[in-house]
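Undergrad: Quick check, what structure comes out for this input:
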Amino acid sequence: MTIETTTETTTATSTTVVDAAPDPGTKPRPLAKGGDPADRLFRGSARGAGAVVLVIMTLVGVFLGGRALQALRDAGPAFLTTSAWEPDSHNFGIAAVLTGTVLIGTVAISFAVPLAAGTALYITEYAPRRLKQTLISLVDLMAAVPSVVYGLWGLFLFQPNVVGLSRWLTTYFGWFPLFAVDGDNPTDPLNPTTFYTSSTFIAGMVVALMVTPIACSVMREAFAQAPPGEREGAFALGATQWGVIRSVVLPFGRGGIIGGTMLGLGRALGETIAVYLIISPVFEVQWHILQNGANSVSALIALRYGSASAFGMSALMAAGLALFLMTLVVNFIASSVVARSRSGAGADA
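TA: Below is the predicted model:
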């Protein structure tokens with residue numbers, strides 16, 4: 001009796017499952033074309049905002065190109081190789097200021113990247129949960145400090161205290177051309193400190209503090225998106241906290257590190273007020289980063305804008321166009337690197 005009942009129940013269940021199967025002739029429900037009105041509005045707003053940004057960037061480039069055309073026609077290819085800046089005498093170029101801009105940006109990135117990466121790793125991996133948001137807010141607030149404040153701080157407080165470091169670098173590493181200082185004997189304590197003030201090194205260190213929040217934000221977001229499954233797998237295999245960072249977090253966040261570095265470099269190349277307050281402008285290619293005297297494209301524009309003639313203004317616009325194109329290329333490279341990396345693709349990549 002029991003066997004028959006079980007057989008009947010199994011047969012009924014099988015029949016129910018078979019009956020529940022979808023009819024092959026049934027057509028799927030058609031999807032609504034265009035989506036929800038709110039989705040369409042959001043999509044249109046996002047596309048419109050992106051188009052506006054592209055239009056503005058294009059207009060800025062066209063404006064600079066149009067205003068710089070007179071100077072570029074007059075200077076020709078020598079505009080990129082001439083160090084002097086005497087536009088009214090038709091002897092001008094951006095070789096010196098462009099070199100100074102790149103050197104200041106390089107010094108800034110050399111200090112900013114380790115600081116930003118270390119801060120991002122501490123916030124994401126080591127900081128107590130109750131302090132994370134506070135630390136994130138403090139780092140982000142650094143980006144809100146005006147450039148002139150950084151410049152004044154660097155000029156009156158930071159510069160007098162970093163001259164000793166510059167002298168030490170010259171004493172022990174002066175054999176390297178970048179750290180050499182012409183006309184100074186670092187072993188003579190009576191030599192004035194003016195050999196080391198207003199230098200590329202000091203300006204770069206101040207700019208480093210300005211670009212650190214930008215680089216740190218990009219790196220922090222990349223580190224925070226490291227796949228939890230890979231983290232837990234590394235811990236399950238006996239890895240330490242540093243082992244997980246080295247084998248999971250850093251490889252996953254490589255794109256974020258590179259992208260944050262490039263974005264910070266783009267910001268450093270265009271810094272104006274802080275650099276203008278610190279450096280002593282020279283119109284020659286200055287490779288000695290510890291030595292007094294430096295220059296940059298943005299500082300040149302700030303220095304000569306008020307007294308420039310009509311032709312001089314065209315030359316300044318040409319210098320601004322070169323800086324605009326350089327920072328645009330740097331930012332495009334950064335965006336491409338982040339988008340192609342696992343960090344930019346998301347945790348499921």
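Undergrad: pLDDT averaged over the helix or strand hosting residue 50 - what is it?
TA: Per DSSP states H and E, residue 50 falls inside helix 37-75. The pLDDT scores in helix 37-75 average 91.
Undergrad: Repeat that for stretch 111-120.
TA: What stretch 111-120 shows for mean pLDDT is 95.
Undergrad: What residues sit buried inside that stretch?
TA: Neighbour-count burial for stretch 111-120, with 16 or more other C-beta atoms under 10 Å as criterion, is recorded at 111-113, 116-117, 119-120. Backbone N, C-alpha and C define where each C-beta goes, glycine included.
Undergrad: any idea how far the helix holding residue 50 is from the chain center?
TA: Here helix 37-75 is found 21 Å from its chain centre; the criterion is C-alpha atoms, centre = their mean, to the nearest Å.
Undergrad: At the geometric centre of the chain, which residue do we find?
TA: residue 263 (1.8 Å; C-alpha atoms, centre = their mean).
Undergrad: how much space is there between that residue and residue 131?
TA: 26 Å (C-beta to C-beta, to the nearest Å).
Undergrad: in the stretch 151-300 of the chain, which spans are helices?
TA: Secondary structure of the stretch 151-300 of the chain (DSSP state H, counting those that start in this stretch): helices at 159-173, 200-224, 228-236, 241-244, 250-252, 254-269, 273-278, 297-304.
Undergrad: Please produce a markdown table containing the ones you listed, extended by mean pLDDT and distance to residue 180.
TA: Below are these laid out as a markdown table (pLDDT from 0 to 100; distance: least, C-beta to C-beta, whole Å):
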| stretch | mean pLDDT | distance to residue 180 |
| --- | --- | --- |
| helix 159-173 | 91 | 7 |
| helix 200-224 | 93 | 12 |
| helix 228-236 | 88 | 46 |
| helix 241-244 | 89 | 38 |
| helix 250-252 | 90 | 35 |
| helix 254-269 | 88 | 23 |
| helix 273-278 | 92 | 21 |
| helix 297-304 | 92 | 23 |
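Undergrad: To residue 96, which of those helices lies closest?
TA: helix 297-304 (9.0 Å; C-beta to C-beta).
Undergrad: For that closest one, which helices and strands make contact with it?
TA: The elements that helix 297-304 packs onto, with contact taken as 3 or more C-beta pairs under 8 Å, 6 or more residues apart in numbering; DSSP states H and E, are helix 95-121, helix 273-278, helix 310-340.
Undergrad: A helix includes residue 130, no?
TA: Yes: counting by DSSP: H, G, I helix; E, B strand; the rest coil, residue 130 is found in a helix.
Undergrad: I'd assumed residue 272 was in contact with residue 151.
TA: No: contact criterion C-beta atoms under 8 Å: residue 151 and residue 272 do not qualify, at 9.3 Å.
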